[in-house]
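Novice: the following comprises the amino acid sequence and a computationally predicted model.
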Amino acid sequence: MRTTNLEDSYRRSESLARGSSFYSGFRLLPAKKRRALSAIYAFMRQCDDISDNEGTIEEKRERFAEWRAMFEEAMCGGFGDHPTLPALRDTVQAFHIPLDYFHKLIDGTEMDLTATRYATFDELYRYCYHVASVVGFVCIYVFEFQEEKAKEHAEACGIAFQLTNILRDIKEDLQRNRLYLPLEDMECFEYTEDELRREVMDERFRELMRFEAERARAFYVKGRPLTSLIERDSRPAFRAMFGTYEAILRRIERRKYDVLSGRVRLKPHEKVRILFESLISW
């Protein structure tokens with residue numbers, strides 16, 4: 001069986017990562033760290049693809065089991081001809097990333113197979129923790145940190161980013177029969193799923209969205225101190241990632257929470273400004 005060359009594996013991972021909203025931030029990292037985050041992104045992309053692609057729940061569970069087994073084998077050096085796992089193993093070894101985080105990432109994406117509604121914010125928090133905060137834990141090993149409290153701030157960043165994604169992607173998620181707004185919040189604001197499907201954007205909807213946006217903003221405040229706890233050569237990239245997601249939340253707010261008539265996107269000049277500010281703040 002043909003084995004994948006390590007350099008080819010990193011090149012393939014970077015090719016996949018270029019499609020990520022995070023990649024512009026990756027480019028502010030030293031090459032070794034940029035390549036490492038690309039390898040991690042490729043792993044997460046595979047998890048997302050299994051969850052989002054066609055197939056029954058049973059078929060997807062089998063694919064997740066196969067992917068978990070491939071990951072475990074790869075970490076022991078048996079990755080065969082898989083295009084990105086050699087780069088991931090090299091990254092894990094170089095930055096001493098705990099393997100348990102990757103299992104939790106698989107667990108998180110596997111939640112989407114059966115959990116399509118969340119009754120309470122506590123339930124949603126558990127989901128966000130697995131699919132986003134755990135990503136933050138993995139990333140800070142690449143960013144490099146010394147103090148354990150960095151994990152507390154990385155957890156908050158993950159929650160903030162994922163809540164922002166949830167607000168931005170409400171319409172697309174609902175088309176997949178997924179609703180991440182806590183049902184207890186919708187009930188509190190007397191707004192129903194049927195109204196959401198009909199794209200009713202009245203004051204109840206805006207108040208609901210304002211409430212969720214303020215909750216996300218509180219997690220941005222908790223996450224911001226992470227900047228000073230990672231190595232200096234990683235700070236511009238982290239600031240760019242943080243700034244990009246915070247800017248998306250601000251744009252949602254400026255649009256008066258209209259996330260249903262069109263996808264919220266940053267304009268090219270806004271992305272450039274965020275990158276520039278991330279660099280000069282270093």
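Specialist: Received it, and whenever you're ready, just let me know what you need.

Novice: and stretch 151-171, how far out from the chain middle?
Specialist: Distance of stretch 151-171 from the chain centroid (C-alpha atoms, centre = their mean, to the nearest Å) equals 7 Å.

Novice: swap in stretch 67-85?
Specialist: For stretch 67-85, the distance to the chain centre is 22 Å (C-alpha atoms, centre = their mean).

Novice: not counting it itself, show me its contacts.
Specialist: 1-4, 8-9, 12-13, 16, 39, 42-43, 46-47, 50, 86, 88-89, 92, 99, 102-103, 106 (C-beta atoms under 8 Å, 6 or more residues apart in numbering). Bear in mind the C-beta positions are built from the backbone N, C-alpha and C, glycine included.

Novice: buried stuff in it?
Specialist: Trp67, Arg68, Met70, Phe71, Ala74, Met75, Phe79, His82, Pro83, Thr84, Leu85 (16 or more other C-beta atoms under 10 Å).

Novice: Met201 should be in a strand, yeah?
Specialist: No - counting by DSSP: H, G, I helix; E, B strand; the rest coil, Met201 is located in no strand; its state is coil.

Novice: how about it, what does it touch?
Specialist: Applying C-beta under 8 Å, 6+ apart, the residues near Met201 are Tyr257, Asp258, Leu260.

Novice: rerun that using 7 Å as the cut-off
Specialist: Asp258, Leu260 (C-beta atoms under 7 Å, 6 or more residues apart in numbering).

Novice: tell me the centre residue of this protein?
Specialist: In the chain, the residue lying closest to the centroid (C-alpha atoms, centre = their mean) is Ala132, at 4.7 Å.

Novice: secondary structure class of that one, three-state.
Specialist: helix.

Novice: surely it meets Ala160?
Specialist: No - taking contacts as C-beta atoms under 7 Å, Ala132 lies outside contact range of Ala160: 8.6 Å.

Novice: just the buried residues out of the contacts of stretch 67-85, in PyMOL syntax.
Specialist: Entered in PyMOL, the line below selects the buried ones among the contacts of stretch 67-85, by 16+ other C-beta under 10 Å:
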select buried, resi 4+9+12+13+16+39+42+43+46+47+50+86+88+89+92+102+106
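
Novice: return the subset of the contacts of stretch 67-85 lying in helices.
Specialist: Per DSSP state H, helices hold the following members of the contacts of stretch 67-85: 8-9, 12-13, 16, 39, 42-43, 46-47, 50, 86, 88-89, 92, 102-103, 106.

Novice: run through the residues that contact Leu37.
Specialist: Phe26, Leu29, Cys139, Val142.

Novice: repeat that with 10 Å
Specialist: 13-14, 17, 20, 22-23, 25-26, 29, 91, 138-139, 142-143, 234, 237, 241 (C-beta atoms under 10 Å, 6 or more residues apart in numbering).

Novice: kindly report the same for Tyr129.
Specialist: Residues in contact with Tyr129 (C-beta under 10 Å, 6+ apart) are Lys104, Gly108, Gly136, Phe137, Glu155, Gly158, Ile159, Gln162.

Novice: in helices only, show me those residues.
Specialist: Short answer: those in helices (DSSP H) are Lys104, Gly108, Gly136, Phe137, Glu155, Gly158, Ile159, Gln162.

Novice: what is the neighbour count of the third one?
Specialist: Right, the one you point to is Gly136. A count of neighbours around Gly136, defined by other C-beta atoms under 10 Å, yields 27.

Novice: I'd assumed Leu105 was in contact with it.
Specialist: No - judged on C-beta atoms under 10 Å, Gly136 makes no contact with Leu105 at a distance of 11.1 Å.

Novice: what is the nearest of the buried residues of stretch 67-85 to Glu195?
Specialist: Checking the buried residues of stretch 67-85 against Glu195 with C-beta to C-beta, the nearest one is Trp67 at 37.7 Å.

Novice: which element is that closest one on?
Specialist: Taking DSSP states H and E as the definition, Trp67 sits inside helix 57-74.

Novice: next one: that helix to chain centre, how far?
Specialist: With C-alpha atoms, centre = their mean, you get 20 Å for helix 57-74.

Novice: just stretch 274-282 next, same as before
Specialist: On C-alpha atoms, centre = their mean, the centre of stretch 274-282 falls 22 Å from the chain's centre.

Novice: what is the rounded mean pLDDT of it?
Specialist: Mean pLDDT, stretch 274-282: 77.
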